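S.K.: Structure for the following, please:
(one chain, ligands or ions: 1)
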Amino acid sequence: MLDLGASPGSWTLYAAERVGPTGRVVGIDPASTDVTLPPNAEILEADAFEVDPSTLGGPFDLVISDMAPKTSGQRHADQYRSYELVMRALELAKAVLRPGGAFVAKIFQGAELEDARDGLRSVFGKVRIIRPEATRNESYEVFLVGLGYRPPT
Ligand SMILES: C[S@@+](CC[C@H](N)C(=O)[O-])C[C@H]1O[C@@H](n2cnc3c(N)ncnc32)[C@H](O)[C@@H]1O
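M.R.: Purely as a prediction, here's the structure:
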């Protein structure tokens, strides 16, 4: 699987455990991490906007993105930057996902959420917005989930 916004590595570690020794997790983040990863996982120090998907060793069954912009305090600007990160994650997913694969991406809730959902609907059989219980009151982060990837023909 591909793990975008992987540093400092908690999700990568968890994913590596879940995919097991025969699976593989590739993380991407411009921020360095010194976490010790198992042999089936790596985190590449790279920006998702600059990475060439053909170098990542796909195809993958799952692409996840926990990418978040550095918040500026201007809610609308932050929401838009979060939307741009999700759309880049989706672009990468289209380049590396196996047919039938899945996508999960964090997004700051805002005016662009519907656009992002429409972007997923164009290539996934099922699309859901999930608000984790832990963030229900405080946060305006939600997760977009796409299941059953259908490559564009
Ligand atoms: C909430 S943290 C991720 C935490 C991580 N999932 C974990 O479990 O440890 C958000 C991350 O998104 C990364 N990020 C922001 N913009 C990015 C980009 N353009 N490409 C890749 N990662 C990016 C940040 O560097 C930051 O480490």
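
S.K.: Disregarding residues adjacent in the polypeptide, which is nearest to residue 92?
M.R.: Computed as C-beta to C-beta, 6 or more residues apart in numbering, the closest residue to residue 92 that is not its neighbour in sequence is residue 53, at 5.3 Å. C-betas here are computed from N, CA, C, even on glycine.

S.K.: same check, this time on residue 64
M.R.: Going by C-beta to C-beta, 6+ apart, residue 64 has residue 104 as its nearest residue, at 4.6 Å.

S.K.: avg pLDDT for the host helix or strand of that neighbour?
M.R.: If you go by DSSP states H and E, residue 104 is part of strand 97-108. Along strand 97-108, the predicted local confidence has a mean pLDDT of 98.

S.K.: What strands flank that strand, and is each parallel or antiparallel?
M.R.: Listed by DSSP bridges, the sheet partners of strand 97-108 and their directions read strand 60-65 (parallel), strand 141-149 (antiparallel).

S.K.: Could you export those strands as a markdown table, including distance to the ligand?
M.R.: Conversion of those to a markdown table gives the following (distance: least, C-beta to the nearest ligand atom, whole Å):
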| stretch | distance to the ligand |
| --- | --- |
| strand 60-65 | 8 |
| strand 141-149 | 9 |
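
S.K.: Give me whichever of these is most buried.
M.R.: Neighbour counts averaged per stretch over the strands paired with strand 97-108 are highest for strand 60-65, at a mean of 23; criterion: mean count of other C-beta atoms under 10 Å.

S.K.: CA atoms only for that strand, dumped as CSV, please.
M.R.: Once non-C-alpha atoms are left out, strand 60-65 reads as follows in CSV (Å, rounded to 0.1, in the frame of the first residue of the first chain):
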residue,chain,number,x,y,z
PHE,A,60,-1.0,-1.1,-4.8
ASP,A,61,-4.2,-2.4,-3.3
LEU,A,62,-4.7,0.7,-1.1
VAL,A,63,-3.6,4.3,-1.1
ILE,A,64,-4.1,6.3,2.1
SER,A,65,-3.4,9.9,2.7
